[in-house]
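got a sequence here, can you model it:
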Amino acid sequence: MAKLFSPIRFKDVTLKNRIVMSPMCMYSCDNQDGIITPFHMTHYISRAVGGVGLIILEATAVEPAGRISAEDLGIWDDNHVSGLTDLVEQIHTNNTKVGIQLAHAGRKAEDEKFTFSPSPLAFNEKYQVPTELDIPGIKRIVKAFADGASRAKKAGFDVIEIHAAHGYLINQFLSPLSNQRSDEYGGSKENRFRFLAEIVEVVKNTFDGPIFVRISTDEYHKDGNTIDDILYFVDKLKDMGIDLIDCSSGGVIPAKIKVYPGYQVKRCETIKQEKEIPTGAVGLITTGIQAEEILQNERADLIFLGRSLLKNPYWVVSAADELTYPLEAPKQYKRGWR
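Got it, this is the predicted structure:
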């Protein structure tokens, strides 16, 4: 049996296969209100019909100032819950589980008058210099993550992913490239981890389902976090009960990244093998054969797909054909799938 199509369990949530729709911003909210639109319903439900095991919604802001763009989804208000609930229910009708990525853009919020970061350092010359977060500001955002987790629970999500990658606010605290504080949230890797630790703790106290964390495993700069730093963070997350590390890379500073099929998998494999924690591999994984190799060789536990699922909502069907796996089609599509 193809491992790609084998079930896997996290806490009380069982995924029917190892294929995950990676969170990807859709920039599609109307009226800058962060509320689900008909586009989101079509976009996500079509991938559930296509057979994905887990869909993780795009970066969803825990406060208005945390949006990457004004068109991002939000979960900072109770008014967001109804639309999210409807979407979760529709995805569930296809035997697909659904997660949400809780996020704060920090200094990379593109449309905000004021942005926030651990230190007053702009991402590049096109971005404004952010306001350095004081302790009350840090506590406010930690509470916003807790409130977001509470709303995610009300909406019926199976999984929460905390976005600590791609140079957004949590990553800004983790990285010495963007965090030059001298208080308890800066300096040592222990202190730089504190903000993420506080967020994990409040999310755990609010949401009893599986919790994933997406991290940038490589910052593409000699003064950034080393692999040893990343392994330290993973160790701490494992001790806190995190269920899976979603292994991406980059974003904390402008960098030219040489991409190729599976370019992020090696560090994913290192984290899985050295820290014995489930991992998700992402980054130009395009074929079923490639995904199967990653799983069969114990390099990851889940396959996160981004561009491949944007291009083809029925990528799962193509992968099943490649691996000669007898995928069961929805009754509406039996004449076309087989």
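
so where do the helices sit in the stretch 151-300 of the chain?
Along the stretch 151-300 of the chain, counting by DSSP state H, counting those that start in this stretch, helices occupy 169-174, 189-192, 194-206, 227-239, 265-275, 288-296.

ok, residue 55 touching residue 98?
Yes: in this structure, residue 55 is within contact of residue 98 by Cβ atoms under 8 Å, at 5.1 Å. Yep, even glycine has a C-beta here, placed from its N, CA and C like the rest.

so who does residue 206 touch?
Applying Cβ atoms under 8 Å, 6 or more residues apart in numbering to residue 206 gives the contacts 146, 149-150, 153.

what's the most buried one of the helices of the stretch 151-300 of the chain?
Ranked by mean neighbour count, the helices of the stretch 151-300 of the chain are led by helix 169-174 with a mean of 28 (mean count of other Cβ atoms under 10 Å).

residues contacting it, please?
When contacts are defined by Cβ under 8 Å, 6+ apart, helix 169-174 is touched by residues 66, 103-107, 116-118, 141, 162-165, 178-179, 185, 192-196, 199, 215-216, 225, 233, 251-252.

so which of the contacts of residue 206 are in strands?
With strands defined by DSSP state E, no entry of those lies inside them.

can you name the two of the residues you listed that are farthest apart?
Between any two of these, the greatest separation by Cβ to Cβ is 10.8 Å, found for 146 and 153.

neighbour-wise, which of these two wins?
Neighbour count, other Cβ atoms under 10 Å: between residue 146 and residue 153, residue 146 has more, with 20 against 16.

look up how far residue 267 lies from the closest residue to that one other than its chain neighbours.
Excluding the flanking residues, the one nearest residue 146 by Cβ to Cβ, 6 or more residues apart in numbering is residue 202, at 3.8 Å. Per Cβ to Cβ, to the nearest Å, residue 202 is found 28 Å from residue 267.

for this structure, which spans come out with low pLDDT?
338 (pLDDT under 70).

tell me if I am right that residue 48 is in a helix.
Yes: assessed with DSSP: H, G, I helix; E, B strand; the rest coil, residue 48 lies in a helix.

contact partners for it?
By Cβ under 8 Å, 6+ apart, the residues touching residue 48 are 55, 90-91, 93-94, 96, 98.

likewise for residue 91?
44-45, 48, 55, 97-98.

also residue 300?
247, 265, 268-269, 272, 279-281, 294 are the contacts of residue 300 under Cβ under 8 Å, 6+ apart.

if we can go back for a sec, farthest pair in the contacts of residue 48?
Across the contacts of residue 48 (Cβ to Cβ), the longest gap, 12.7 Å, separates 55 and 93.

re earlier: what is the most widely separated pair among the contacts of residue 91?
Spatial extent of the contacts of residue 91 (Cβ to Cβ) is set by the pair 45 and 97 at 13.6 Å.

between those two, which is the more surrounded one?
More crowded of residue 45 and residue 97, by other Cβ under 10 Å: residue 97, with 24 against 18.

can I assume that one is in contact with residue 17?
No: between residue 97 and residue 17 there is no contact, the gap being 10.4 Å when judged by Cβ under 8 Å.

show me the common contact partners of the two, please.
In terms of Cβ under 8 Å, 6+ apart, residue 97 and residue 17 are both contacted by the residues residue 53.

grab the nearest non-local neighbour of residue 64.
residue 76 (6.1 Å).

from residue 218, how far out is residue 199?
For residue 199 relative to residue 218 (Cβ to Cβ), the value is 22 Å.

strands along this structure, start to end?
8-10, 13-15, 19-21, 54-61, 97-103, 116-117, 131-132, 159-164, 211-216, 244-248, 279-281, 302-305.

that older thread, give the contact list for the residue nearest to residue 146.
Each residue near residue 202 by Cβ under 8 Å, 6+ apart is listed here: 142-143, 145-146, 149.

among these, which ones are in helices?
Judged by DSSP state H, the subset of the contacts of residue 202 located in helices is 142-143, 145-146, 149.

give me the buried entries from those residues.
Neighbour-count burial (16 or more other Cβ atoms under 10 Å) is assigned, among these, to 142, 145-146, 149.

list just the nearest of those to residue 27.
Using Cβ to Cβ, those come closest to residue 27 at residue 145, 22.2 Å.

residue 94: neighbour count?
Using other Cβ under 10 Å, residue 94 has 18 neighbouring residues.
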